[in-house]
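Colleague: Sequence plus the predicted model coming up.
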Amino acid sequence: MNPAMHCAPWRTLLLVLVILSATLCLSHAWAAEDANEHTSETLELIFEGTTTTYKLPDSIVVLNNANFEPYLFASKHATPRAFLVLCYSPWCSHCKALLPQFLNASLQLDWMRVPHSTFAVVDVQKNTAVSEYFNVERFPTLLYTTGKDRQWHLYEGSNTQEGFMQFSAYLQHAVDNGSFSEDVTDVVRFNEVEESSGTTRVPCYVYVPATSTSTPENQRTASWSHAVDGAASVSNIRFAVIYEKSQAEGWVEHAGEKYKKVVEKAKACVAAGKAGGPEGEALVVFSDRYRAPRCYSGPWVEKRSVAKTSKSRTGQTTGDTMAMSTSLENFLALHGFHAVEDASSAMFATLEHYPKNYLGVVMTNRPINDKDTEYVPVLREIAQAANDALEKEHGRDLSIEEEMRIPRVSWSYIDVVEYEMWRSRYDVELDQLPAVMIIDTKRDRFFKMRTHVPRFEAIKLNTPWRVGGEQHQLIAQFAQDVLADVYKAQKLSVAGAVAEYLSHYPGFAFLYETLNYEDFVFDVVVMALGFFSFLLFLGLVMEPLMEWHDGRSKKAAHKAKRD
């Protein structure tokens, strides 16, 4: 027998064993690698010496110095991908309250299988390159990307689970469609979008005049689109766009009244030279806070105050250096709500950034909405009349910065049976409903109508409230009196009550404002000033008097001794 043939079976068996061993080793390695990939990461927050560990869902991306650019700013050939990013610090107490809302929003959207942007987190205290790139100055900071080159924007919406869910789905829809703005140039499409959108969000219309180079085909990369992308999370708004060059002949004959009013206002804005878009585009807001549409006349975009680049890059693009203008943000914060809104944390947070922009609230024992006929019509009329009066007093040519400083009340409603924390926070009993109050969100104080207008308590149950009726007149006057500082407010703490009492004395109001309405700090400063004044009084008044008296006593004694 050929020796080679005799050895062949053994060689074959040995080869099979080697292949099986290699396969087992590779399988083990792949399984370990797969296990590592699917091992949920954790995140730790430290508060008052206690460490809390959060298990992150598999769908959440953890960013760091090395991977944030590849993730957030993919190559131009990659499929556009949107991110909603939470920048946190382990020592941030506010992050501890916000993080569960953020994580639950991602989990809920995954469970509901709703298309949404990718959620991501990054510890910017540890990953300083990320902090420097996005100029993170406070915690938590939320930002988002839209899959457009290197563009990114600050998130200005509600820091609640519902707010994150709504915006994440809205963001993904915008990425899929190339823009946050629906093209409603066609009057039929305009009507369809209006009907499907309902009245939840305030519509903002971008009017692109024939002189602009922007077209429906390049809408995704249009200069004005950058501002809209940055404004998408502000207030309670939605965007649509109308292209003048694409309007059909004879559109006037088929358009509804709302379409006509929007185009008429936009054209008037363009003709008056008040269209501040990058290429002369006009922005028109159609909110029932005013009796007619409003046109924004300021700049749409501006350079970021600080724009960082990574060490790996040698240049910057428009997406790195440009952002929505502060003027546009303020305009949308002021006009991006309905005359009467469902009270929300977003509205609360927006108003607390502006001086004397108060939140008026009607607290009820049942859910109501903007179609309510018992309370909302009166509040809507009050809001519109107040804005008419402001316009008459200050004119129509006020800058948005001047307009933001004008005191005003924004009205809302809340079912305090469902949202019991409102009732407990502001000490309202069920048998006191409906209750009307005005809240100063910046100074954390409130004015109860029950306390200051007893007559209203006797007639508030006579519903529906009638426009022009006594309830209407009393609420309108109450709002005017609050803005005029006729009443002293209630505070939620002893330090706040003391600060509120002291702030009504001459000169103290300015000091309180200078200290950003920090109650405890204001109280300490006032006490320190009082103590210093007392020492000054002793040094400048009492000590000279005592010396004079002592000298006089010595003279009298000396004279008596001599006599």
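Modeller: That came through fine. Numbers count the residues shown, from 1 in each chain.

Colleague: what ranges do the strands span in the stretch 1-150 of the chain?
Modeller: 42-47, 50-55, 61-62, 83-88, 118-123, 141-145 (DSSP state E, counting those that start in this stretch).

Colleague: Turn the ones you listed into CSV, columns for mean neighbour count, mean pLDDT and distance to residue 393.
Modeller: (Glycine included, C-beta is placed from N, CA and C.) Listed next are these as CSV, based on neighbours: other C-beta atoms under 10 Å; pLDDT from 0 to 100; distance: least, C-beta to C-beta, whole Å:
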stretch, mean neighbour count, mean pLDDT, distance to residue 393
strand 42-47, 14, 80, 48
strand 50-55, 11, 85, 52
strand 61-62, 16, 95, 51
strand 83-88, 24, 96, 42
strand 118-123, 22, 96, 46
strand 141-145, 22, 95, 38
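
Colleague: which one of those strands lies closest to residue 294?
Modeller: strand 141-145 (26.5 Å; C-beta to C-beta).

Colleague: partners of the closest one in the sheet?
Modeller: Here strand 141-145 has these sheet partners by DSSP bridges: strand 83-88 (antiparallel), strand 152-154 (antiparallel).

Colleague: hmm, who's touching the longest one?
Modeller: Looking back up the chat, that one is strand 83-88. 45, 61, 63, 71-72, 95, 98-99, 102, 117-124, 130-131, 134, 136, 139-145, 155, 164, 167-168, 171 (C-beta atoms under 8 Å, 6 or more residues apart in numbering).

Colleague: care to break this structure down by domain?
Modeller: 40-178, 179-337, 340-492, 494-556 (automatic domain parsing).

Colleague: got the strands paired with strand 141-145 as TSV, with distance to residue 460 columns?
Modeller: Converted to TSV, the strands paired with strand 141-145 look like this (distance: least, C-beta to C-beta, whole Å):
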stretch	distance to residue 460
strand 83-88	42
strand 152-154	41
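
Colleague: which stretch among the strands of the stretch 1-150 of the chain comes nearest residue 221?
Modeller: strand 141-145 (15.1 Å).

Colleague: can you give me the helices for the stretch 151-300 of the chain?
Modeller: 161-177, 187-197, 223-231, 251-254, 257-271 (DSSP state H, counting those that start in this stretch).

Colleague: winner for burial among those?
Modeller: Among the helices of the stretch 151-300 of the chain, the stretch with the highest mean neighbour count (mean count of other C-beta atoms under 10 Å) is helix 223-231, at a mean of 24.

Colleague: I'd like to know which elements that helix is packed against.
Modeller: strand 152-154, strand 202-208, strand 237-243, strand 301-303, strand 322-324, helix 326-335 (3 or more C-beta pairs under 8 Å, 6 or more residues apart in numbering; DSSP states H and E).

Colleague: Quick one: closest of these to residue 91.
Modeller: strand 152-154 (21.7 Å).

Colleague: got the contact list for that closest one?
Modeller: 72, 134, 141-146, 229-230, 232-233, 319, 323-324.

Colleague: what separates that strand from the chain centre, distance-wise?
Modeller: Computed by C-alpha atoms, centre = their mean, to the nearest Å, the separation of strand 152-154 from the middle of its chain amounts to 13 Å.

Colleague: Using a markdown table, lay out the domains of the chain together with distance to residue 562.
Modeller: Shown next, in a markdown table, are these (distance: least, C-beta to C-beta, whole Å):
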| stretch | distance to residue 562 |
| --- | --- |
| domain 40-178 | 74 |
| domain 179-337 | 80 |
| domain 340-492 | 63 |
| domain 494-556 | 10 |
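
Colleague: for this structure, which spans come out with low pLDDT?
Modeller: 1-40, 77, 305-320, 492-501, 504, 510, 512-513, 515-520, 522-523, 563 (pLDDT under 70).

Colleague: give the contact list for residue 328.
Modeller: 227, 231, 283, 296, 298-301.

Colleague: cool, residue 247 as well?
Modeller: residue 185.

Colleague: Please report the distance of residue 200 from residue 370.
Modeller: Going from residue 200 to residue 370 by C-beta to C-beta, to the nearest Å gives 9 Å.

Colleague: more neighbours, those two?
Modeller: residue 370 (16 against 12; other C-beta atoms under 10 Å).

Colleague: and the more buried one, backbone torsions?
Modeller: phi -70, psi -10 (degrees, to the nearest 10).

Colleague: Mind telling me what element residue 428 is part of?
Modeller: Counting by DSSP states H and E, no helix or strand carries residue 428.

Colleague: That one against residue 363, yeah?
Modeller: Yes. The pair residue 428 / residue 363 is scored as a contact, 5.9 Å apart, by C-beta atoms under 8 Å.

Colleague: out of those two, which sits in the more crowded spot?
Modeller: Taking neighbours as other C-beta under 10 Å, residue 428 and residue 363 compare with residue 363 leading, 22 against 19.

Colleague: Each with direction, which strands does the one helix or strand that one maps to pair with?
Modeller: For residue 363, the host element (DSSP H and E) is strand 357-364. Here strand 357-364 is paired, per DSSP bridges, with strand 408-415 (parallel), strand 435-440 (antiparallel).

Colleague: contacts for that strand?
Modeller: The contact list for strand 357-364 (C-beta under 8 Å, 6+ apart) reads 343, 347-348, 351, 375, 379, 404, 407-416, 422-423, 426, 428, 433-442, 479, 482-483.

Colleague: hang on, the earlier thing: deepest-packed of the helices and strands packed on helix 223-231, please.
Modeller: strand 202-208 (a mean of 25).

Colleague: Could you export that strand as PDB, CA atoms only?
Modeller: The C-alpha trace of strand 202-208 is given here as PDB (Å, rounded to 0.1, in the frame of the first residue of the first chain):
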ATOM      1  CA  VAL A 202     -49.000  78.400  15.700                       C
ATOM      2  CA  PRO A 203     -48.300  78.500  11.900                       C
ATOM      3  CA  CYS A 204     -45.300  80.500  10.600                       C
ATOM      4  CA  TYR A 205     -45.100  81.100   6.900                       C
ATOM      5  CA  VAL A 206     -42.000  81.700   4.900                       C
ATOM      6  CA  TYR A 207     -42.800  83.700   1.800                       C
ATOM      7  CA  VAL A 208     -40.100  83.400  -0.900                       C
END
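
Colleague: same for that strand, what does it pack against?
Modeller: Applying 3+ C-beta pairs under 8 Å, 6+ apart, we find strand 202-208 packed against helix 223-231, strand 237-243, helix 257-271, strand 282-285.

Colleague: Try it again at 10 Å.
Modeller: Here strand 202-208 touches strand 181-183, helix 187-197, helix 223-231, strand 237-243, helix 257-271, strand 282-285, strand 294-296, helix 326-335, going by 3 or more C-beta pairs under 10 Å, 6 or more residues apart in numbering; DSSP states H and E.

Colleague: How far does that strand sit from its chain's centre?
Modeller: Per C-alpha atoms, centre = their mean, the centroid offset for strand 202-208 relative to its chain is 20 Å.

Colleague: so who does residue 413 touch?
Modeller: When contacts are counted by C-beta atoms under 10 Å, 6 or more residues apart in numbering, residue 413 touches 340-343, 360-364, 367-370, 372, 375-376, 379, 434.

Colleague: Taking these, please make a ChimeraX selection of just the buried ones.
Modeller: Selecting the buried subset of the contacts of residue 413 in ChimeraX, with 16 or more other C-beta atoms under 10 Å as the burial test, is done by:
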select :340,341,342,343,360,361,362,363,364,368,370,372,375,376,379,434
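
Colleague: in the stretch 1-150 of the chain, which spans are helices?
Modeller: Using DSSP H, counting those that start in this stretch, helices in the stretch 1-150 of the chain cover 3-38, 68-72, 93-112, 128-133.

Colleague: among the contacts of strand 357-364, which ones are buried?
Modeller: Applying 16+ other C-beta under 10 Å to the contacts of strand 357-364 flags 343, 347, 351, 375, 379, 404, 407-416, 422-423, 426, 428, 433-442, 479, 482-483 as buried.
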